[in-house]
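K.L.:
Quick one, structure for this:
(one chain, ligands or ions: 1)
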Amino acid sequence: MRVLLVEDDAMIGKAIQEALQDASYAVDWVPDGRAAVLTLTHQHYDLVLLDLGLPGRDGLEVLADVRNQHNPVPLLVITARDSVEDRVRGLDTGADDYVLKPFEMRELLARMRAVIRRKGGTGRPELSNGQLRLDPVTHEAVVGDAAPVLLTHREFALLQALLVRPGAILSRGELEERIYGWDQEIESNAVEFLIHVLRRKLGSDVIRNVRGAGWMVARGQ
Ligand code: CA
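P.N.:
Okay, here's the model as predicted:
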């Protein structure tokens with residue numbers, strides 16, 4: 001999953017970016033509000049983390065811009081502004097949740113999972129197509145009754161991208177977008193290699209190749 005982090009504080013931004021990368025997210029980080037709005041008009045994200053006190057354009061204005069453009073991206077406000085009025089304004093402007101600084105990283109990660117889950121409409125923490133189950137907390141995959149298999153960050157990110165919409169075909173470029181942020185170099189054949197490893201770990205029929213188009217996991221029963 002790809003996350004846009006909007007944060008002007010270099011230390012906080014770096015800490016969040018590293019924690020998210022450790023949790024298998026592809027992270028792009030912009031330090032001001034104008035860059036955030038521009039980026040969101042050009043690139044699809046699975047979630048936005050938005051600071052409110054920003055140079056260029058205030059976070060609440062960024063939020064209003066995003067929702068006025070009918071962009072439904074899950075959005076979590078991360079801020080030190082802690083008045084009830086600020087929180088209510090943020091939520092009423094279209095934020096999905098609100099995390100007060102300072103926060104513990106594991107709480108932020110749990111809230112991100114909750115927001116993504118709610119927006120995905122399943123309400124369940126686990127991703128599944130019936131045959132294959134993926135746990136976003138432990139990063140373990142289970143096929144049928146077999147024992148859970150622990151996945152690496154990138155294996156998890158790739159399988160998660162496919163399992164969010166079983167039956168949908170994702171091209172190599174679309175998979176790369178969900179695995180790598182701007183600052184990460186994409187190794188050639190990385191997607192093919194990850195799929196090869198996942199099939200070895202989970203069975204060759206778990207991920208299907210659709211010739212010339214990309215890859216998919218089967219739609220659930
Ligand atoms: Ca700030």
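K.L.:
Show me the strands in the chain, by range?
P.N.:
2-6, 26-30, 47-50, 75-79, 97-100, 127-128, 132-134, 140-143, 149-150, 208-210, 214-216 (DSSP state E).
K.L.:
Within its sheet, name the partner strands of the fifth one and how each one runs.
P.N.:
Strand 97-100 has these partner strands in its sheet, going by DSSP bridges: strand 75-79 (parallel).
K.L.:
domain assignment for this structure?
P.N.:
What automatic domain parsing lists as the domains of the chain is 2-119, 127-216.
K.L.:
Report the separation between the two terminal residues of the last one.
P.N.:
When the termini of domain 127-216 are compared using CA to CA, to the nearest Å, they are 14 Å apart.
K.L.:
next one: the helix ranked longest in the chain to chain centre, how far?
P.N.:
Ordering each helix of the chain by length in residues (DSSP state H) puts helix 105-120 first. Using CA atoms, centre = their mean, to the nearest Å, the mean C-alpha position of helix 105-120 is found 9 Å from that of the whole chain.
K.L.:
and it, what other elements does it pack with?
P.N.:
Applying 3 or more CB pairs under 8 Å, 6 or more residues apart in numbering; DSSP states H and E, we find helix 105-120 packed against helix 10-22, strand 47-50, strand 75-79, strand 97-100. Backbone N, C-alpha and C define where each C-beta goes, glycine included.
K.L.:
Would you reformat the ones you listed as a markdown table and include mean pLDDT, mean neighbour count and distance to the ion?
P.N.:
Converted to a markdown table, those look like this (pLDDT from 0 to 100; neighbours: other CB atoms under 10 Å; distance: least, CB to the ion, whole Å):
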| stretch | mean pLDDT | mean neighbour count | distance to the ion |
| --- | --- | --- | --- |
| helix 10-22 | 96 | 15 | 8 |
| strand 47-50 | 97 | 24 | 10 |
| strand 75-79 | 95 | 23 | 8 |
| strand 97-100 | 94 | 16 | 13 |
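K.L.:
No further queries at this time; thank you.
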